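[1] sequence unknown, structure follows:
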């Protein structure tokens, strides 16, 4: 595999996806296509005109714009450092303008190898429509794909140990339970493909009716929405209500008979000209009509977690060049396979969180992100303004809990308490 000169002239071919028209159809088990690049950007000064994809596992990622994503790069560098000495090489492809990227790289080194592919040739040769991460085995064959900017430790360890699969289980609970018990990690056999226009639109005439039916798939979940429809499948009622009202589930109170693990398919196709807020209002009314409940907001004294900053020292401020926000929360393993399958109705204590990353967010954003899977609301009483970067990691060999790591790593303290909280309460009609 050799460095490629720029193409001769024509760059006006039709473009589909991030890298242009991707006609290749590459799948797991195929030999990895050649990597095309015009220059090695990192390590600085490296003289490299070919890349070997055999003899060790390769993690190939695509990040067209590196400099606006400094915190994502920090996460990438962490993975590279943690896997130093293991039989894996990390390759990042980028097409960002050199005049912008090269000065940035002098101040922000990127781990692994960074290759410059301004024409997106490698992305097209791998058939990518989005920036999937590609895992390549030591035999030079594709192991699988994941739609992510960078690899996570669990997936990469599974790839190195051969504990992955690209075959999805059947959707009945018994098959999914057996799959979870196998402890293999799923990868996609092919890159992400954009569905054709209208592919996910429910087959109902436009109206103000919310269509509800028992889920066709016992365990899978899909979430599709556009300006004129919602199509959510495999959702428990508590999860759908949280989505429809833009609330965390723990701030919602359902009758016990409805707060179960039963899953539904929800579909709404809006009449022409309806705004998103009008759609949401009709969906909310549809929930009340179908399940014969009334929704009211009530101020209740409830058990909560309270977050404070006793010494007034905030977490780190974000890079001013970083646009938008990025978040992820990792909860500890469920106690049983059944717990894992019914996680949508089994909120957890705060010390079940093991990692969290939130980039360029406020303290309220951080509390909202953590609260999504918690067993009680999380109240912000830090009195800290502005935006910050939040990274809480596990310490190798240490058994300290999340609240302790939150205190030592971010100067934030969480304690149980009681507070008056506005709750969305549903009562039978």
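    Sure thing, it's come through. Worth saying up front: this structure is predicted, and the values here are computed from it rather than measured.

[2] only C-alpha atoms for contact and neighbour calcs from this point on.
    Fine.

[3] does residue 244 count as helix, strand or coil?
    Put simply, residue 244 is helix when judged by DSSP: H, G, I helix; E, B strand; the rest coil.

[4] wait, isn't it in contact with residue 282?
    No: the pair residue 244 / residue 282 is not scored as a contact, 9.9 Å apart, by C-alpha atoms under 8 Å.

[5] next, count neighbours for residue 69.
    Each residue near residue 69 was counted by other C-alpha atoms under 10 Å, and the total is 18.

[6] likewise the one 4 residues further on?
    Neighbouring residues of residue 73 were enumerated by other C-alpha under 10 Å; the total is 20.

[7] right, and it touches residue 110 too?
    Yes: Residue 73 lies in contact with residue 110 (C-alpha under 8 Å); the separation is 6.8 Å.

[8] please name the nearest non-neighbouring residue to residue 108.
    residue 70 (7.9 Å; C-alpha to C-alpha, 6 or more residues apart in numbering).

[9] where's that neighbour relative to residue 63, distance?
    Noted for residue 70: a distance of 12 Å to residue 63, by C-alpha to C-alpha, to the nearest Å.

[10] report how many residues lie close to the residue nearest to residue 108.
    Neighbourhood size, residue 70 [other C-alpha under 10 Å]: 20.

[11] give me the phi and psi for it.
    With angles defined as degrees, to the nearest 10, residue 70 sits at phi -60, psi -40.

[12] residue contacts, the closest residue to residue 35 other than its chain neighbours?
    Leaving aside its chain neighbours, residue 35 sits nearest to residue 122 (5.5 Å; criterion: C-alpha to C-alpha, 6+ apart). Residues near residue 122 by C-alpha atoms under 8 Å, 6 or more residues apart in numbering: 34, 35, 36, 37.

[13] the third one and residue 117 touch, don't they?
    Yes: assessed by C-alpha under 8 Å, residue 36 is found in contact with residue 117 at 6.6 Å.

[14] pLDDT score for the residue nearest to residue 108?
    Looking at residue 70, its pLDDT stands at 78.

[15] how far out from the middle of the chain is stretch 232-247?
    18 Å (C-alpha atoms, centre = their mean, to the nearest Å).

[16] that one: end-to-end distance?
    Note: stretch 232-247 ends 16 Å apart using C-alpha to C-alpha.

[17] repeat for stretch 252-269
    Stretch 252-269 end-to-end distance (C-alpha to C-alpha) = 25 Å.

[18] for stretch 235-254, same thing?
    15 Å.

[19] about what we covered before: measure the residue nearest to residue 108 to residue 40 for me?
    19 Å.

[20] likewise residue 159?
    Counting by C-alpha to C-alpha - residue 159 and residue 40 are separated by 26 Å.

[21] how about residue 60?
    15 Å.

[22] now do residue 19
    Residue 19 is 19 Å from residue 40, by C-alpha to C-alpha.

[23] which of the two has more neighbours?
    The neighbour comparison of residue 19 against residue 40 (other C-alpha under 10 Å) goes to residue 19, with 23 against 19.

[24] close enough to count as contact, that one and residue 127?
    No: at 9.1 Å, residue 19 does not count as touching residue 127 under the criterion of C-alpha under 8 Å.

[25] what segments of the stretch 251-400 of the chain are strands?
    Here the stretch 251-400 of the chain has its strands, by DSSP state E, counting those that start in this stretch, at 252-253, 263-269, 293-308, 326-331, 353-361, 378-380, 388-392.
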